[in-house]
Structures are given as structure tokens and as C-alpha cells.
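Engineer: please find the sequence and the predicted model below.
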Amino acid sequence: MNGVRVAGVGLTRFGSHPERTGRDLFAEAAAGAFTDAGVDRGAVEELNVGNFMGAIAEHQGHQAPLLAEAAGVRCPATRYESACASAGVAVREAVRTIRSGEADVVLAGGTERMTVLDTEAATDGLAIAADDLFEVRAGVTFPGAYALMARAYFEAYGGGRRELAHVASKNHANAVPNEYAQYRREVSVEEALDAPPVATPLHLYDACPITDGASALVLVSDEYAAANGLDAPVSVTGTGQGTDRMALADRTDLARTPAATDAATTAYDDANLGPADVDLAEVHDCFTIAEVLAIESLGLADPGEGIGAARDGRTTADGDIPVNLSGGLKAKGHPVGATGGSQIAELTRLLRGDHPNSGHVPDAEVGVAHNAGGTVASAVVHVLEVRG
Amino acid sequence: MTARDAGYDEWVDALADGRGYALVCPEGHGSLPPRRTCPECGATTFSEEPLPERGTVETVTVVHVPPPQFADDAPYATAIAAFGPVRLTGVLRGVDVGEKELSGDGDDDDDTAGDAATASDADTADDDPIAIGAPVEVGVAARDTDERRVVTLRPATE
Ligand SMILES: [Zn+2]
């Protein structure tokens, strides 16, 4: 099996760019990735790109050939859709393709244009990641679904809005130095607590923003990196994916996300390591409660213990296991179909030492990325390691 | 969107008539239609078993930022309740969810510094529109926004 390296990463600034098309966003991210990698775009043998709501937001289906054009590549190109985990599955398939020997160079990532929609339309667009018949028709919105999980979590394990506010405050603080982040502004716990409700018990600062943005990764085989003298110290050593029942009501436990546990178990086994080896993590905090559920699924906190991790400083920038040093979806932003690629781009920068927050993790060697779709009916986990 | 959704709409018809049911496979796994295969065990035969008259609320939220189809319903509550072999998701009716306008303050009390040390902060908690564990009945009603029918949960009456 061929090893896989992250040769280069590219991101757009995440934020509100309603006039920019998804194709233009991806073109910028891809160009950045090629420059960072020192790989010519003519070397790309496959393109895997995530996109969730292009058909709704910009009346654009069939995104893969369009995004191949935008990136300046001509090769088999496929768009992946797995809601908020779209780019995560696109990256995972790229890893599998390189490992199998089918290709040595794959461009993977994602793009999403969202702020062109007003809040109601964006709320509706995001809701389609839930079960239309049994959830959306019963008024379940994307925040509403996570609110139902949060309320169930509080009932099962305790904790409350204040603990969630610590997650928001932590991730906003992490985003301040990140040049790609949407909100580079600190938010205090009290400010988060005072914000208006979106879907109780989740309030405004428990929710990620609506974001435009794109991500791109140039992934290459070990052999290609060596043969071309690439400076690519970060390897993807583990990949895993999990699936759960679509509707929350059909889950075994409303306060757990076993799809992510399955993905993490597979990814850890694949990398031949475990949660105790992890130095930092980028997790899918579309809502503050999602970070709590994520770190429990990744084995970084025991069930019921994740709620206090940010409050107790375990997951802050200088804690035992910093979580979302990029600012997370919460403050860096969440261009849905691009997020999974962005997480790996940020982890790569953090591990290489060229991220503004790398100083918090100077000796880190193992990072984990957790990307979830919908209410974690889909989950993808990747393990990244420094392999000089 | 005028076509009916076969299986689902007959199930909603049955709920509206007070004849709600779950599909139950030979292993006892409950599910809802349309269903050809049990998602838990792969069984392909089901019996239609009547839902219990009362379910139990497992979680609830009050939605303040609605999708377009619920624009005039907001704020509204959505809950998940266990009814025997299945859980049902529905709009919670017959409870107080506050004024029909987006409000930053709602019925929260402002924080007071005095209780800052308490673990789970009654001062910042949102009021639940119904208690977790409370009994509810399922039915069907019209949405305020567009009169389309919606599965509802209501506090059970004695
Ligand atoms: Zn079964």
C-alpha cells in the first residue's frame, strides 16, 4: 500500500463573499495548493471535490467538470456530497485512490457558496441534510436538530449553556490570528450567554456562521514526493468513515454519535495508534454541542466528560489536547462542502509549523480531523502524522 | 409538490384518524413507512402495530429561526418522543413557547453574578416548554404558515 502525503494546501479566506461563485472560490484554493505543493497542475490524475448546496444556492449541478476547469486540470473529476462531510469523503476517496496505486497525485477539497441566500433560504437549504419526511416536515432545522441532541445530552450527563459558551469562547479566541477565519474576534462566555436563542438551548454563539469558501489539497504518494524532492512532512496515515440512521429519532442514543466513533476506530486502527497518541484535533463544531460529541467519539474525552473540556482548559490552545486551533467551524466558518478539506489544510499547517497557532503545539506529531455530515449520520475521520 | 408520498402519507392519514401505527419486524425492531427492509436486521416482513396512546418526551427545542415553511409558526417547539417500538418527531402544540416574534430576551432571566459558581446554571438555562419524560399524544394539525399538515405532539390529557 502506497503512503499518502499532503504536498500542499490552499484555502480562500472564509467569510461573506456573496458575489463570488463557487468555481472562483475553488480556483483560488486550488492555485494556492499548487503553489504550496510545488507540484505542477498537469501532474494531477484525479479531482475529488465536495459540494453540498450548489444546486440550491447557485443553480449549479454537475460541479466536477466545472471545478476541474477552474483548477486548470483535465482528468477524471467527481463531486462528492455527504452534507457537511462532503469534502471529508472526497479526501478519503483520494487517499484510497493513491493507496491503491491508481494515482500518484490527486487534487481534493471542496467549495461552497452560501451567503448569496438569505437566512430563511439558507436555513431551508441546510435542513435538507435531515430526513425530509420525518424531520424537516416536523420543523427540524439544522440548529434545531443539534439543539435536540444538546438537550438530550444535558439530560443524560448534565452541563448546560455555560459549558457550551466556553467552547464558543475558546474557538473564537483561536480564530483571532488565523488569516483565513471569518470571525477574528474574541467572544466572552458572558457575551455568548447573553446572545439571542436560535433553537433552545442553542443561542447565536453556539452556531457556526453561514460562510463562503473553498479548500484544496494536493495529495501525493510517498514515491512521488521522494522522486520529485517535495517538502511534504505530513502524511495521512489513517482514514475511516461511519454511517448511522438518518433521522435522530431512529438513533440508539440521542446524546451519542456512533458514526464518528466507528470512523475514529477505523482511522486509529489504520494508523496503528490510539486516542492517547493524539496531540491536537480539528473537529466538526458546527454547533458547540457538536464539539462535545466529537471529542467523546474520538476518545479524547469519556462519555459525559466532553462537556467540561473547554471550561476546564483541557482543549484550549494551551491545554492537553488543543481542539480547533483554527477557530473551528464556529469561528473560522463553515462553507459546508469545503469544510472537511479545510480541517486537513489547517492541521497540516499546524503540524508543519507554519500556522499562526503552531506555537501552541511546537512538538505535535499526530493530529486528527473529524468531519460530520448532518447530525452525524455520516462521519469521516483522518489521522495526520509528521513523517520527516 | 402535490404528489403524495406513498407509504408516508397513508401513515399520516392514519395518525390523523387516531390509528397511528409502527412497522415492526419479526425481531421487534420498529420503523416507519415506506419501508421494505428492516434497517436494523434486514427482515422483509412487518406487522403494523398500533402506537401506544401515549409517548414519552425524550428531548425538545424551541426553534426561533425557522425555515420558510414554518415562518409564521415561529417560535415553535419540536420534540422527539418514544412511542413503544419507535420514536416520533413532531411539532409540540398546546404548550407555551413565548411570543410569535424573534426576541433576544425571551423569558430568560438575565444572569446574575451571584450564582456563577453553580455547575449547571439555572440562571442561564432556557425553560423547556414541556418536561423531559412528560407524556404526550400524537396527532396531525395544520401549520400556521401554509396550512400543510404536520405531525404534532401534545401534552397528554388525563
Ligand atoms: Zn429488524
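Structural biologist: Great, that's in hand.

Engineer: how is the most centrally placed residue in chain B assigned, secondary-structure-wise?
Structural biologist: Within chain B, one residue has its C-alpha closest to the average C-alpha position: by C-alpha atoms, centre = their mean, that is B:Gly90, at 2.5 Å. Local secondary structure at B:Gly90 is given as strand here, using DSSP: H, G, I helix; E, B strand; the rest coil.

Engineer: which bits of chain B sit near the ion?
Structural biologist: Contact residues (C-beta under 5 Å from the ion) of chain B with the ion: B:Cys25, B:Glu27, B:His29, B:Cys38, B:Glu40, B:Cys41, B:Ala43. Where you see a C-beta, it was placed from the backbone N, CA and C, and this is true even at glycine.

Engineer: may I see the PyMOL selection of the buried members of those residues?
Structural biologist: Only the buried members of the residues of chain B next to the ion enter the following PyMOL selection, criterion being 16 or more other C-beta atoms under 10 Å in any protein chain shown:
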select buried, chain B and resi 25+29+38
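
Engineer: pick out the most distant pair among the residues of chain B next to the ion.
Structural biologist: Every pair in the residues of chain B next to the ion was compared (C-beta to C-beta); the two farthest apart turn out to be B:Glu40 and B:Ala43, at 8.4 Å.

Engineer: OK, contacts around the residue nearest to the centre of chain B?
Structural biologist: B:Gly90 makes contacts with A:Ala138, B:Thr78, B:Ala79, B:Ala81, B:Val138, B:Val150, B:Val151, B:Thr152, B:Leu153, as judged by C-beta atoms under 8 Å, 6 or more residues apart in numbering or on different chains.

Engineer: give me phi/psi at the last one?
Structural biologist: Torsion angles at B:Leu153 (phi, psi; degrees, to the nearest 10) stand at phi -120, psi 140.

Engineer: put the alpha carbons of stretch A:121-133 into PDB.
Structural biologist: Output for stretch A:121-133, consisting of C-alpha atoms alone and laid out as PDB, is shown next (Å, rounded to 0.1, in the frame of the first residue of the first chain):
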ATOM      1  CA  ALA A 121     -33.300  30.100   2.400                       C
ATOM      2  CA  ALA A 122     -30.000  29.100   3.900                       C
ATOM      3  CA  THR A 123     -31.800  27.500   6.900                       C
ATOM      4  CA  ASP A 124     -34.000  25.600   4.400                       C
ATOM      5  CA  GLY A 125     -31.000  24.600   2.300                       C
ATOM      6  CA  LEU A 126     -29.100  23.200   5.300                       C
ATOM      7  CA  ALA A 127     -32.200  21.400   6.600                       C
ATOM      8  CA  ILE A 128     -32.200  19.100   3.600                       C
ATOM      9  CA  ALA A 129     -29.400  17.200   5.200                       C
ATOM     10  CA  ALA A 130     -32.000  15.900   7.600                       C
ATOM     11  CA  ASP A 131     -34.800  13.300   6.800                       C
ATOM     12  CA  ASP A 132     -37.300  15.300   4.800                       C
ATOM     13  CA  LEU A 133     -40.400  13.200   5.600                       C
END
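
Engineer: so A:Thr141 makes contact with B:His64?
Structural biologist: No: taking C-beta atoms under 8 Å as the definition, A:Thr141 is not a contact partner of B:His64, at 9.8 Å.

Engineer: overlap of the contact sets of those two?
Structural biologist: With C-beta under 8 Å, 6+ apart as the test, A:Thr141 and B:His64 both reach A:Ala199.

Engineer: the strands in chain A, which residues?
Structural biologist: Across chain A, reading from the start of the chain, the strands by DSSP state E fall at A:4-11, A:46-50, A:77-80, A:105-112, A:197-199, A:202-203, A:213-221, A:234-243, A:280-282, A:366-373, A:378-386.

Engineer: JSON lines for the ones you listed, including mean neighbour count?
Structural biologist: Shown next, in JSON lines, are those (neighbours: other C-beta atoms under 10 Å in any protein chain shown):
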{"stretch": "strand A:4-11", "mean neighbour count": "27"}
{"stretch": "strand A:46-50", "mean neighbour count": "29"}
{"stretch": "strand A:77-80", "mean neighbour count": "20"}
{"stretch": "strand A:105-112", "mean neighbour count": "32"}
{"stretch": "strand A:197-199", "mean neighbour count": "28"}
{"stretch": "strand A:202-203", "mean neighbour count": "28"}
{"stretch": "strand A:213-221", "mean neighbour count": "32"}
{"stretch": "strand A:234-243", "mean neighbour count": "22"}
{"stretch": "strand A:280-282", "mean neighbour count": "28"}
{"stretch": "strand A:366-373", "mean neighbour count": "29"}
{"stretch": "strand A:378-386", "mean neighbour count": "27"}
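
Engineer: dump the ones you listed into a markdown table; add distance to chain B as well.
Structural biologist: Conversion of these to a markdown table gives the following (distance: least, C-beta to the nearest C-beta, whole Å):
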| stretch | distance to chain B |
| --- | --- |
| strand A:4-11 | 28 |
| strand A:46-50 | 23 |
| strand A:77-80 | 23 |
| strand A:105-112 | 19 |
| strand A:197-199 | 5 |
| strand A:202-203 | 8 |
| strand A:213-221 | 22 |
| strand A:234-243 | 11 |
| strand A:280-282 | 26 |
| strand A:366-373 | 17 |
| strand A:378-386 | 15 |
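
Engineer: the residue lying closest to A:Thr200 once chain neighbours are set aside and A:Ala156, how far apart?
Structural biologist: With C-beta to C-beta, 6 or more residues apart in numbering or on different chains as the criterion, A:Thr200 has its nearest non-adjacent residue at 3.8 Å, and that residue is B:Asp126. Taking C-beta to C-beta, to the nearest Å as the measure, B:Asp126 and A:Ala156 are separated by 17 Å.

Engineer: so those two - more neighbours on which side?
Structural biologist: Between B:Asp126 and A:Ala156, counted using other C-beta atoms under 10 Å in any protein chain shown, the more crowded position is B:Asp126 (20 against 17).

Engineer: what's around A:Thr252, how many residues?
Structural biologist: By the other C-beta under 10 Å criterion, the neighbourhood of A:Thr252 contains 9 residues.

Engineer: which residues touch it?
Structural biologist: The contact partners of A:Thr252, taken as C-beta under 8 Å, 6+ apart, are A:Pro258.

Engineer: one more: A:Ala369?
Structural biologist: Residues in contact with A:Ala369, defined by C-beta under 8 Å, 6+ apart, are A:Gly88, A:Ala281, A:Glu282, A:Val283, A:Gly340, A:Gln343, A:Ile344, A:Leu347, A:Val381, A:His382, A:Leu384.

Engineer: chain neighbours aside, what residue packs nearest to the fourth one?
Structural biologist: When the adjacent residues along the chain are set aside, A:Val283 lies closest to A:Ala294, with 3.8 Å between them (C-beta to C-beta, 6+ apart).

Engineer: tell me the pLDDT at that neighbour?
Structural biologist: A:Ala294 is assigned a predicted lDDT (pLDDT) of 98.

Engineer: you'd agree B:Pro135 is up against B:Arg154?
Structural biologist: No: counting by C-beta under 8 Å, B:Pro135 does not reach B:Arg154; the two are 10.0 Å apart.

Engineer: show me where chain B has strands.
Structural biologist: B:21-24, B:30-31, B:47-50, B:55-63, B:76-83, B:86-92, B:135-142, B:149-155.

Engineer: residues in contact with the second one?
Structural biologist: By C-beta under 8 Å, 6+ apart, the surrounding residues in contact with strand B:30-31 are A:250, B:22-25, B:38-40, B:46, B:49, B:84-86.

Engineer: could I have the buried ones of these as ChimeraX selection syntax?
Structural biologist: Command for ChimeraX that selects the buried part of the contacts of strand B:30-31, burial taken from 16+ other C-beta under 10 Å:
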select /A:250 /B:22,23,24,25,38,46,85,86
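
Engineer: ok, so of the contacts of strand B:30-31, who is nearest A:Leu126?
Structural biologist: Comparing those against A:Leu126 with C-beta to C-beta places A:Asp250 closest, at 20.0 Å.

Engineer: off-centre distance for stretch B:40-52?
Structural biologist: 21 Å (C-alpha atoms, centre = their mean, to the nearest Å).

Engineer: from B:Thr61, how far off is B:Val140?
Structural biologist: Going from B:Val140 to B:Thr61 by C-beta to C-beta gives 21 Å.
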